[in-house]
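Peer 1: Quick one: sequence and predicted model below, then my questions.
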Amino acid sequence: MKSHSEILVPPHSEHLWRYTPWKRMHPTEPHDVPVSRQMSIIGAELIPTDLPPSEEISRSLLHEMSKGEELVIANECMTLDIKASGHITASSLKVVAKGHTQLMIRLVGEAGWIGLRIHGEVLSGGSLSVGFVNQLTSDSIFLRSEDWVVHRDARIEHATLSGGGITCKSDVRVNLVDKGAECAVAAAVYGSQKRHDDHHFEIHHASPNTNSTLISHAACDDSSRSIGTGMLTIDEQCHQSEANQVFRNLLLSEKARAESIPELEVLADDVKAGHGAASSPVNSSQIHYLMSRGMNREEAVGVIAEGFLIDAFREIRNKDVIAFLRDELTLHLQCLVI
């Protein structure tokens, strides 16, 4: 296994780093492993552990920068508050989910650079609903890598609400390794000012009779930019599987930008797979209607954006996770209006 310093810097032609180059996300120089501060994680008792090494460049960096901690959840509801402080901070978390569980993660803080790696698995017959909220201050740089393994007849729901930080790069991957495994992945991204948010998703169907959905919505205001890329792979012999991904973008200003690139690699025959992407400006008639009801323009746009973003979570079944994300989104939009 190569060390981080031995891994080549990915070129712009590499799909994962095409829109947000590695040099832009590294806290110092591309091959350095800077000294970092461990983030404070409140809400659970964590056990020191080792996460698996990786030759993917962001995972390699976070592996060498941070100490691994393990969280085992069994038939419970848990909320983790992760606080990032200092100049450079990083953490690595291993999650093992047994039975039917839910995990809410709230990331806050004013650190200049934040790195978070999560490696998790949902054991056979279980279910895990994850709600992840990025509430970092507006000048933070955030690098996030997640890997989830879903076993036989298990299900993961993974929903992200991203509105914090100035430059964010997230790489979320789900591996459906046995029959009956399912996942529903969702993201809602709100961009304001000069915020740059790049989300990459990979869902790998490695066994027959597996199902997945991926829904990503981005609402971009001011001069913000959102990038969403998705890769759904169905291996050979993985028959009777179903995979769908949809990217939608709502442009709230003329200077806002959004790109969506959904991709499919289907190597089996008896499957259902689809993908789509669409971008559109905010509907002026909807704004005029809400303003006629007493709202100012900022409030009207906020209401439209909120409904658009919440719709990204329509495949998430856990009502507690939906309520958590809705409350966090409402608070975020209210703070922007104020």
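Peer 2: Received, thanks.

Peer 1: rest of the way, CA atoms for contacts and neighbours
Peer 2: Will do.

Peer 1: tell me the SS of His63?
Peer 2: helix (DSSP: H, G, I helix; E, B strand; the rest coil).

Peer 1: Who are the contact partners of the closest residue to it other than its chain neighbours?
Peer 2: Excluding the flanking residues, the one nearest His63 by CA to CA, 6 or more residues apart in numbering is Pro53, at 6.5 Å. Counting by CA atoms under 8 Å, 6 or more residues apart in numbering, Pro53 touches 1, 59-60, 63.

Peer 1: quick check, Pro53 in a strand?
Peer 2: No. Membership of Pro53 in a strand is not supported by three-state DSSP, which gives coil.

Peer 1: Just the local confidence number for it, please.
Peer 2: Note on Pro53: pLDDT of 93.

Peer 1: Can you report phi and psi for it?
Peer 2: phi -70, psi 160 (degrees, to the nearest 10).

Peer 1: what's the answer for the one 5 residues further on, then?
Peer 2: With angles defined as degrees, to the nearest 10, Ser58 shows backbone torsions of phi -70, psi -40.

Peer 1: what does Thr20 give?
Peer 2: phi -140, psi 90.

Peer 1: what's the burial count for it?
Peer 2: Counted with other CA atoms under 10 Å, residues neighbouring Thr20 total 19.

Peer 1: surely it meets Asp171?
Peer 2: No. If you go by CA atoms under 8 Å, Thr20 and Asp171 don't touch, sitting 11.7 Å apart.

Peer 1: all strands for the stretch 51-200 of the chain, in order.
Peer 2: For the stretch 51-200 of the chain, the strands defined by DSSP state E, counting those that start in this stretch cover 68-74, 77-84, 88-98, 100-109, 113-122, 127-134, 141-150, 155-162, 167-176, 182-191, 196-205.

Peer 1: helices and strands around the fourth one, which ones?
Peer 2: In terms of contacts (3 or more CA pairs under 8 Å, 6 or more residues apart in numbering; DSSP states H and E), strand 100-109 is packed against strand 68-74, strand 77-84, strand 127-134, helix 319-337.

Peer 1: redo that, cut-off 6 Å
Peer 2: strand 77-84, strand 127-134 (3 or more CA pairs under 6 Å, 6 or more residues apart in numbering; DSSP states H and E).

Peer 1: Check the last one too.
Peer 2: Using 3+ CA pairs under 6 Å, 6+ apart as the contact definition, the elements that strand 196-205 packs against are strand 167-176, strand 225-234.

Peer 1: Measure how the last one sits relative to strand 196-205, angle-wise.
Peer 2: Right, the one you point to is strand 225-234. Computed by axes from the mean of the first three to the mean of the last three CA atoms, to 10 degrees, the angle separating strand 225-234 from strand 196-205 equals 10 degrees.

Peer 1: From here on, call the first residue 249.
Peer 2: OK, 249 is where the count begins now, so the last one is strand 473-482.

Peer 1: then the next helix or strand along the chain from strand 473-482 to PDB, C-alphas only?
Peer 2: Per DSSP states H and E, strand 473-482 leads on to strand 489-499 as the next helix or strand towards the C-terminus. The C-alpha trace of strand 489-499 is given here as PDB (Å, rounded to 0.1, in the frame of the first residue of the first chain):
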ATOM      1  CA  SER A 489     -31.400  -5.100  -9.800                       C
ATOM      2  CA  GLU A 490     -32.700  -1.600 -10.100                       C
ATOM      3  CA  ALA A 491     -30.800   1.700 -10.000                       C
ATOM      4  CA  ASN A 492     -32.000   5.300 -10.600                       C
ATOM      5  CA  GLN A 493     -30.300   8.700 -10.200                       C
ATOM      6  CA  VAL A 494     -31.700  12.200 -10.700                       C
ATOM      7  CA  PHE A 495     -29.900  15.600 -10.400                       C
ATOM      8  CA  ARG A 496     -32.000  18.800 -10.400                       C
ATOM      9  CA  ASN A 497     -30.600  22.400 -10.100                       C
ATOM     10  CA  LEU A 498     -32.500  25.600  -9.300                       C
ATOM     11  CA  LEU A 499     -30.700  28.800 -10.300                       C
END
